[in-house]
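Dropping a prediction and its sequence here:
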Amino acid sequence: MPSRMKDIGTPTARPIDVALLASVFVVAACGLLYELAAGALASYVLGDSVLQFSTIIGTYLFAMGVGSWLSRYFERQLPAHFLRIELLVALIGGMLPAMLFLANAFVPGAFRLLLYGMVLLVGTLVGLEIPLVMRILKRNVALKDLVSQVLTFDYLGALAVSLAFPLLLVPQLGLIRTGLLFGLMNAAVAVWALWLFRHELRRLREHAFACALVLCLLGAGLAGADQITSIAEDKFYQDRIVLSAASPYQRIVVTHGKAGHRLYLNGNLQFAERDEYRYHEALVHPAMAAHGAPRKVAVLGGGDGMAVREVLKYPSVESVTLVELDPAMTGLFGQDPQLARLNGGALRDPRVKIVNTDAFGWLQQGQDTFDVIVVDFPDPTNFAIGKLYTNSFYALLDQRLAASGYAVVQTTSPLVARQSFWTVVNTIESVGLRTTPYHAHVPSFGEWGFILASRRPWRLPGALPPGLRFLGPETLPLLLDFPLDMARIPTEVNRLSNQALVHTYEREWGKH
């Protein structure tokens, strides 16, 4: 009698239960993947990655809660409901990146509405999945074992995707292919359910046809992923795309048109071949020429090599350390013949050492000092970049600057984003450095600002390298003159604890 009771209390897991638990792993992995893809796309298009990921995750979790609550109304034919929900998640979730890319290109005003609509829909469907699986498994698994097993596989699936998404999937496949691939995985779970419950399902042929249709649609999307990307990006960028790549940090697109090559990072223009010389000459030469004979130079950011190209025009330079977070940038601009031509092969110069790491950490860990430090980061569109414009960062910069050295920081437009520009000036001064703000007109960007920082006063250089196309000794003083609409205004210090600059920048540029 005791032996029989033991058998009843601890039923043996059947193959169907093991199969369902394995499907929980796939379901969890796919659900998190769609959430991450939506967050990444939102940060690409809308900026401020912290805000976008926070709102996407919040919306997704809320929708999952709604789905879990709705699961109570599914009482009969649970395997059939599970199969249909899997197919819907596969189709909508798998198509999510492609649909959002196309919406951003053709109907940009609808992007935000479509983004949150799809996140709500996918989240609700994913919220339905796990409760249905648990109720199906409940037929033959004790409750305590059921909960622990389902949650274990659910969390393992989430862990696998959270690691693979930035390190493997996006760099190797891109967002569109990744979404479609995981949609196919969801559809495979539906096919698996079709086979497992074939004796229970009514309308077996209709369910089989639905599975085949979804698999064909997702397979066709996967086969045409390059064409989908090209259609969306050609419409968005206007000029012909000659190179595109996705890294764990950003999407890199290079176009070519009447104005020559243009570089875009996450959809934001970084330079145009036609007038980039104005920007890079203004960025580099006021600091380099004023020093006199700089030997050791560091360039932070600027993985395109354009700033390095200008630095190497000084015969006194013995070494240049280029600190660029994204190895994809330095790889492309060092090895691709079209792009290497733009920087004059600067990244292949034996004097140049490339360090692919975070500039904040690099400043913290090193001890070397430099005669000139060129800071060429993207604008502070999100908190990850905003930390590179804080007083904490500039205090580290001060420590790595030689006593007679100069640093120069590219800063946003003092005309369009006047408060942002002077916030950076105020922040640099807060760590004890002298500042010399200046600006230059770059047609692709408009009026653009720069800030020299040093411990000694900056003086106008008497000479500049030969062959410059924009700067000359007689025109350099004009860059220091700020008209009334760009003149200094009171601002606060940008700190790691508040990142006020990101909010100010977003507000000012959002007006235009």
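The structure has been received and is ready for your questions.

and the longest helix seen in the chain, how far out from the chain's middle?
As assigned by DSSP state H, the longest helix anywhere in the chain is helix 15-46. Counting by CA atoms, centre = their mean, to the nearest Å, helix 15-46 is centred 19 Å from the centre of its parent chain.

Now the element after that helix, going C-ward?
Later in the chain than helix 15-46, the nearest helix or strand by DSSP states H and E is helix 49-70.

Can you give me the domain assignment for this protein?
In the assignment given by automatic domain parsing, the structural domains of the chain cover 2-230, 234-271, 274-509.

and the last one, average pLDDT?
In this case it means domain 274-509. Mean per-residue pLDDT for domain 274-509: 94.

how long is it from one end to the other?
Its start and end residues considered, domain 274-509 measures 24 Å (CA to CA, to the nearest Å).

what's the spacing between it and its chain's center?
Relative to the centre of its chain, domain 274-509 is centred 22 Å away, using CA atoms, centre = their mean.

Output the domains of the chain as JSON lines; include the columns mean neighbour count.
In this view, the C-beta of every residue, glycine as well, is placed from N, C-alpha and C. Output for these, formatted as JSON lines (neighbours: other CB atoms under 10 Å):
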{"stretch": "domain 2-230", "mean neighbour count": "18"}
{"stretch": "domain 234-271", "mean neighbour count": "18"}
{"stretch": "domain 274-509", "mean neighbour count": "19"}
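
For the longest helix of the chain, name the packing helices and strands.
If you count contacts as 3 or more CB pairs under 8 Å, 6 or more residues apart in numbering; DSSP states H and E, helix 15-46 packs onto helix 49-70, helix 78-106, helix 111-137, helix 143-164, helix 170-196.

mind listing what Gly65 touches?
Gly127 (CB atoms under 8 Å, 6 or more residues apart in numbering).

if I read this right, Trp192 contacts Leu21, doesn't it?
No. Using CB atoms under 8 Å, Trp192 is not in contact with Leu21; the gap is 11.9 Å.

Next, the angle from the longest helix of the chain to helix 78-106.
Put simply, helix 15-46 runs at 20 degrees to helix 78-106, going by axes from the mean of the first three to the mean of the last three CA atoms, to 10 degrees.

taking the mean pLDDT, what do you get for helix 15-46?
80.

Could you check the angle it makes with helix 49-70?
Using the same axes, to 10 degrees, helix 15-46 lies at 140 degrees relative to helix 49-70.

angle of helix 15-46 against helix 170-196?
Using the same axes, to 10 degrees: helix 15-46 against helix 170-196 is 150 degrees.

one step back: what is in contact with Trp192 and Leu21 at once?
Counting by CB under 8 Å, 6+ apart, nothing touches both Trp192 and Leu21.

so which of the helices and strands packed on helix 15-46 comes closest to Gly267?
helix 78-106 (8.1 Å; CB to CB).

quick revisit: for the helices and strands packed on helix 15-46, could you give me TSV that also reports mean pLDDT and distance to Tyr237?
Output for those, formatted as TSV (pLDDT from 0 to 100; distance: least, CB to CB, whole Å):
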stretch	mean pLDDT	distance to Tyr237
helix 49-70	89	21
helix 78-106	91	9
helix 111-137	89	16
helix 143-164	76	29
helix 170-196	89	16
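
Looking at the ones you listed, which is nearest to Gln270?
helix 49-70 (17.5 Å).

Just the CA trace of the closest one, in PDB.
The C-alpha trace of helix 49-70 is given here as PDB (Å, rounded to 0.1, in the frame of the first residue of the first chain):
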ATOM      1  CA  SER A  49      18.700  54.100 -24.800                       C
ATOM      2  CA  VAL A  50      18.000  54.200 -21.100                       C
ATOM      3  CA  LEU A  51      14.600  55.800 -21.500                       C
ATOM      4  CA  GLN A  52      13.700  53.600 -24.500                       C
ATOM      5  CA  PHE A  53      14.700  50.300 -22.900                       C
ATOM      6  CA  SER A  54      13.000  51.300 -19.700                       C
ATOM      7  CA  THR A  55       9.600  52.100 -21.300                       C
ATOM      8  CA  ILE A  56       9.800  49.100 -23.700                       C
ATOM      9  CA  ILE A  57      10.500  46.700 -20.800                       C
ATOM     10  CA  GLY A  58       7.800  48.300 -18.700                       C
ATOM     11  CA  THR A  59       5.200  48.100 -21.500                       C
ATOM     12  CA  TYR A  60       6.200  44.500 -22.300                       C
ATOM     13  CA  LEU A  61       5.900  43.300 -18.700                       C
ATOM     14  CA  PHE A  62       2.600  45.000 -18.300                       C
ATOM     15  CA  ALA A  63       1.300  43.300 -21.500                       C
ATOM     16  CA  MET A  64       2.600  39.900 -20.200                       C
ATOM     17  CA  GLY A  65       0.500  40.500 -17.000                       C
ATOM     18  CA  VAL A  66      -2.500  41.200 -19.100                       C
ATOM     19  CA  GLY A  67      -1.900  38.000 -21.100                       C
ATOM     20  CA  SER A  68      -1.500  36.000 -17.900                       C
ATOM     21  CA  TRP A  69      -4.800  37.400 -16.600                       C
ATOM     22  CA  LEU A  70      -6.600  36.600 -19.900                       C
END
